[in-house]
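K.L.:
the following comprises the amino acid sequence and a computationally predicted model.
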Amino acid sequence: MGHDDPHPGVGRINFAIEYAPDFLDTCTTCIAAASDEECDNCDHNLVMQNLTSGYYPGEDRSPFPNVAKCRHGGPWDDEGALPADANGINKDTMGCGWSPHGPKYHRKAVELAIRASEQFINDVRGHIMTAEGPDVTEHRMRLLFGVDTRFAQKRVLRDLKEMHQFPVTPVFTATNENVDNVHVHSRSFYTYPIPVDAFTESIRFAIRGSYALGISRPDGSIVDPEDLNVDFDYTRETGDIVITILNPLPGVWDISLDGSGKFSIDVSVASAIHFSYSFAEIRGRPGHSGWSPNPAIVPTPGSRMPVLAYLEGAGISNVSHHIRTTDGDILVENLSLPAGSGEFGWPSETSFFGHVDVPSDGKEWHVYATGHDSQGNQFLRQHPVKFGNKK
């Protein structure tokens, strides 16, 4: 409609907004494309300047018969539509198959939506400021407006990065707690490779059990508790050992365990690369719904379920996901979780979505992500939630 600013009446009382009357035609048909590979030309399918909306089937009420009202648009939006108004006007995505106005107006719509939100929030702030003063205003603004936790997490990661401090994130877990009592008392030897990226500030190895722990660096040297960048902590009562190494060399570190009995080992790092994973569900009202993570979802063994995953930081590439049992063995390789395209209006290259076949063999398991940082070093990350049930 040619507007370059948010409507001045958004969220403001005593401001006249001219709505399109019920019986006024608001749209006409788009100009059909010459081929299926091209977009219809919907630049001028709006035929009036008053405020209107794109009707969507099954939501609210339908337009009156024989009135050419604008439709929402998209492949499922043709129920009851007239030939003249079936194309739609939404700008939700950059793809014209879903959003007839998307290719030309999506970016502008995003900009105006942000500015309209700022206008509304500033109006609220101004009213409270006039009535209560600056101190009360700041307190009430914090109570009134919440923040999406995932984006808040990104902000925290960015702030920590600027301070050269990163949150601790899990990398690897293994235990032999599921080994039967006949074999658990025999002498055993375990080895685990742990890739470390160039953005790791510290790595922590924690082991519980009667095992001798050996750690070797990528250059082959053995970690000594007396080394300057090594912090060694031993609890005599429980036999717990915790070794923290500052500024570890990037590359593959090797852990060796030698002993008998049951054990568990946990490896975590303070690094710029952070991994999160969640089963997903469709949320949102019709025409504006999409996949959203829901950490409360408990996966059903043997089912195929939608999943969202995110990896943040350090120019990651060559990302893949897999499932390991709690004893550290790979159970499912190469989960089908394609990355977003990163194009404007589409999911970022650090977000991943797909459907996963939930293991049904009765084992407990974790989800892992692996890939390379911007310097070509491999990394490994673990989602801390343990799924599955013991038989």
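P.N.:
Arrived safely. Residues are numbered from 1 along each chain as shown.
K.L.:
where does L112 sit: helix, strand or coil?
P.N.:
Using DSSP: H, G, I helix; E, B strand; the rest coil as the criterion, the local structure at L112 reads helix.
K.L.:
ok, what's across the strand from the closest residue to F172 other than its chain neighbours?
P.N.:
Distance criterion Cβ to Cβ, 6 or more residues apart in numbering; nearest residue to F172, sequence neighbours excluded, is V267 at 4.3 Å. For every residue, glycine as well, the C-beta is placed using N, CA and C. On DSSP bridges, the residues paired with V267 through beta bridges are F172, F205.
K.L.:
residues contacting R381?
P.N.:
Contact partners of R381, counting by Cβ atoms under 8 Å, 6 or more residues apart in numbering, are T169, P170, V171, I273, H274, F275, L311, Y368, A369, T370.
K.L.:
apply 6 Å and report the result again.
P.N.:
With contact taken as Cβ atoms under 6 Å, 6 or more residues apart in numbering, R381 is in contact with F275, A369.
K.L.:
part of a helix, is it?
P.N.:
No. Checked against three-state DSSP, R381 lies outside a helix; its state is strand.
K.L.:
beta partners for it?
P.N.:
In this entry, R381 is beta-bridged to A369, by DSSP bridges.
K.L.:
check I282 too.
P.N.:
Beta-bridge partners of I282, counted by DSSP bridges, are W291.
K.L.:
give the helix, strand or coil label for R107.
P.N.:
With three-state DSSP as the criterion, R107 was assigned helix.
K.L.:
ok, now D22?
P.N.:
Following three-state DSSP, we place D22 in the coil state.
K.L.:
give me the number of residues near it?
P.N.:
The local packing count at D22 equals 10, with neighbours defined by other Cβ atoms under 10 Å.
K.L.:
check S264 too.
P.N.:
Neighbouring residues of S264 were enumerated by other Cβ under 10 Å; the total is 16.
K.L.:
how is this structure divided into domains?
P.N.:
What the record gives for the chain is the domain set 1-146, 168-271, 274-382, from automatic domain parsing.
K.L.:
nearest to N389, of the ones you listed?
P.N.:
In terms of Cβ to Cβ, the element of those nearest to N389 is domain 274-382, at 6.5 Å.
K.L.:
and the end-to-end length of the closest one?
P.N.:
9 Å (Cα to Cα, to the nearest Å).
K.L.:
follow-up on the earlier one: for I121, see how far away the residue nearest to F172 is.
P.N.:
For V267, the distance to I121 (Cβ to Cβ, to the nearest Å) stands at 44 Å.
K.L.:
neighbour count for these two, which is higher?
P.N.:
The neighbour comparison of V267 against I121 (other Cβ under 10 Å) goes to V267, with 22 against 14.
K.L.:
can you map out the helices along this structure?
P.N.:
102-132, 134-144, 149-162, 181-184 (DSSP state H).
K.L.:
residue contacts, G73?
P.N.:
Neighbouring residues of G73 by Cβ under 6 Å, 6+ apart: G88, N90, P100.
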